[in-house]
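Undergrad: How does the following fold in three dimensions:
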Amino acid sequence: MRARTTLAVGSLLLLTTVTGCGAADMTKQASPFANARSSKTVTLSVQSWVGAQSNVAVAQYLLEHKLGYRVDTVQVDEVPAWDALSQGRVDAILEDWGHPDQEKRYVQDKKTIARGGGLGVTGHIGWYVPTYLAKQHPDITDWRNLNKYASLFRTAESGGKGQLMDGSPSYVTNDKALVKNLKLNYQVVFAGSEAAQITQMKQFAKAKKPFLTYWYAPQWLFEKVPMTEVKLPPYKDGCDADAAKVACAYPHTPLQKYLNAGFAESGGKAAAFLKKFRWTTEDQNEVSLMIADQKLSPQDAAKKWVDSHPDVWKGWLS
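TA: Numbers count the residues shown, from 1 in each chain. The predicted structure follows:
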């Protein structure tokens with residue numbers, strides 16, 4: 001999740017990569033179906049957070065059931081996904097949180113990747129505390145008061161300091177720099193994944209314990225664990241340009257889609273469909289909640305959403 005470039009935004013379910021003929025690890029191999037211009041096949045990169053899984057599930061369902069394509073999905077981290085897309089090992093990324101270096105390299109300079117348009121969802125990373133804690137201590141939502149409350153957030157892993165819980169180290173995060181530059185008595189502790197982070201937050205919330213966490217929106221967990229954002233110094237253009245000197249909040253980022261340039265040009269109805277794929281935060285959260293909380297398979301969640309929202313997706317097929 002970040003400006004995951006800023007993100008490396010998002011609680012992420014550990015996704016099982018599923019392809020038409022078994023699991024595929026894009027860090028080790030290319031899908032045999034990507035960049036296959038003569039056949040009706042599409043390969044989609046799926047990121048490790050549930051919102052991205054929701055995008056892919058719905059796109060896959062419609063490509064297969066309405067357009068007659070075979071869809072292969074592969075899980076790969078954010079930056080390697082750009083390499084795979086440039087090389088034609090995947091055809092599309094449906095949710096990017098902002099990687100300006102990769103965009104300049106592949107879209108502007110090499111022209112091996114094409115913009116696929118906005119997803120329709122705006123992402124935001126921030127620091128959050130549970131709303132029950134914010135009600136007890138209203139001033140805790142101002143970063144300038146965090147040191148006063150550091151003792152509330154101590155854990156066995158935070159070395160006597162307050163714990164700032166992050167997800168996966170692979171996400172784009174400015175948190176270590178923020179803690180240092182804002183002179184906060186906190187230690188960034190990585191849960192390891194979105195799923196692990198969600199588990200910890202649910203455990204804290206069940207016991208009504210304090211926690212401070214790196215989190216992002218859109219995210220279905222807000223429906224189950226209400227959280228209030230901590231106000232960091234306001235974001236201004238360029239304030240995060242030097243990763244070591246960041247001392248400002250994360251931006252609000254309109255999430256983008258990207259296509260392999262060759263696929264964008266000659267990918268037929270599939271490419272046209274993916275360019276038109278655009279939905280709302282509410283749409284994405286509806287599918288994410290079915291997958292992550294109600295434990296539906298991505299395929300079943302996609303079918304349920306498609307069956308109940310024809311007014312949204314029919315325009316993507318025209």
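
Undergrad: Direction included, what does the top strand by length along the chain pair against?
TA: Longest strand in the chain, counting residues (DSSP state E): strand 113-130. In the sheet, strand 113-130 lines up against strand 212-217 (antiparallel), strand 227-230 (antiparallel), strand 252-260 (antiparallel) (DSSP bridges).

Undergrad: Run the chain-centre distance for the last one.
TA: Spelled out, it's strand 252-260. 11 Å (CA atoms, centre = their mean, to the nearest Å).

Undergrad: what's the average pLDDT for that strand?
TA: Average pLDDT, strand 252-260: 96.

Undergrad: and the strands paired with strand 113-130, which is most packed in?
TA: Sort the strands paired with strand 113-130 by mean neighbour count, taking mean count of other CB atoms under 10 Å, and strand 212-217 sits at the top with a mean of 26. Using the backbone N, CA and C atoms, a C-beta is placed for each residue, glycine as well.

Undergrad: Mind listing what's buried along the helix or strand following the longest strand of the chain?
TA: Next helix or strand after strand 113-130 toward the C-terminus (DSSP states H and E): helix 131-136. For helix 131-136, burial by neighbour count (16 or more other CB atoms under 10 Å) applies to L133, A134.

Undergrad: what packs against helix 131-136?
TA: If contacts are counted by 3 or more CB pairs under 8 Å, 6 or more residues apart in numbering; DSSP states H and E, helix 131-136 sits against strand 227-230.

Undergrad: show me where the stretch 201-318 of the chain has helices.
TA: 261-266, 268-276, 281-292, 298-308, 310-317 (DSSP state H, counting those that start in this stretch).

Undergrad: Same question for the stretch 1-150 of the chain.
TA: Using DSSP H, counting those that start in this stretch, helices in the stretch 1-150 of the chain cover 50-65, 78-86, 100-102, 131-136.

Undergrad: I'd like to check the angle between the second one and strand 252-260, please.
TA: If I follow you right, that is helix 78-86. Relative orientation of helix 78-86 and strand 252-260, computed by axes from the mean of the first three to the mean of the last three CA atoms, to 10 degrees: 30 degrees.

Undergrad: Report the buried residues of helix 78-86.
TA: Buried residues in helix 78-86, counted by 16+ other CB under 10 Å: E78, A81, W82, D83, A84, L85, S86.

Undergrad: And the first one, by the same measure?
TA: For helix 50-65, burial by neighbour count (16+ other CB under 10 Å) applies to 50-64.

Undergrad: mind listing what C248 touches?
TA: Applying CB atoms under 8 Å, 6 or more residues apart in numbering to C248 gives the contacts L232, P233, P234, Y235, K236, C239, D240.

Undergrad: swap the cut-off to 6 Å and go again
TA: Shown in contact with C248 (CB atoms under 6 Å, 6 or more residues apart in numbering): P233, Y235, C239.

Undergrad: and T173, what element?
TA: Counting by DSSP H and E, T173 is found in no helix or strand.

Undergrad: Buried by neighbour count: which residues of the helix or strand bottoming out on mean pLDDT in the chain qualify?
TA: Ranking every helix and strand in the chain by mean pLDDT, DSSP states H and E puts helix 100-102 at the bottom, with a mean of 90. Of all the residues in helix 100-102, those buried under the rule 16+ other CB under 10 Å are Q102.

Undergrad: got it, and stretch 303-310?
TA: Residues of stretch 303-310 classed as buried: K303, K304, W305, V306 (neighbour count, 16+ other CB under 10 Å).

Undergrad: on that earlier part again, so how far is the longest strand of the chain from its chain's centroid?
TA: Centre-to-centre, strand 113-130 and its host chain are 7 Å apart (CA atoms, centre = their mean).

Undergrad: buried stuff in that strand?
TA: Neighbour-count burial for strand 113-130 flags 113-114, 116, 119-121, 123-130 (criterion: 16+ other CB under 10 Å).

Undergrad: And the furthest pair within those?
TA: Greatest spacing in those, by CB to CB: A114 and P130 (41.7 Å).

Undergrad: Roughly how far does K110 sit from D83?
TA: When distance is defined by CB to CB, to the nearest Å, K110 is 11 Å away from D83.

Undergrad: Model confidence for I93, exactly?
TA: Reported pLDDT for I93: 98.

Undergrad: hang on, I meant D175
TA: We have a pLDDT of 97 for D175.

Undergrad: Contact partners for it?
TA: L164, D166, V188, Y214.

Undergrad: With just CA atoms, put the helix or strand encompassing the first one into PDB.
TA: This points to L164. Using DSSP H and E, L164 falls within strand 162-166. Once non-C-alpha atoms are left out, strand 162-166 reads as follows in PDB (Å, rounded to 0.1, in the frame of the first residue of the first chain):
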ATOM      1  CA  GLY A 162       6.000   2.700  22.200                       C
ATOM      2  CA  GLN A 163       5.200   0.300  19.400                       C
ATOM      3  CA  LEU A 164       4.200   1.600  15.900                       C
ATOM      4  CA  MET A 165       2.900  -1.500  14.200                       C
ATOM      5  CA  ASP A 166       3.600  -1.800  10.400                       C
END
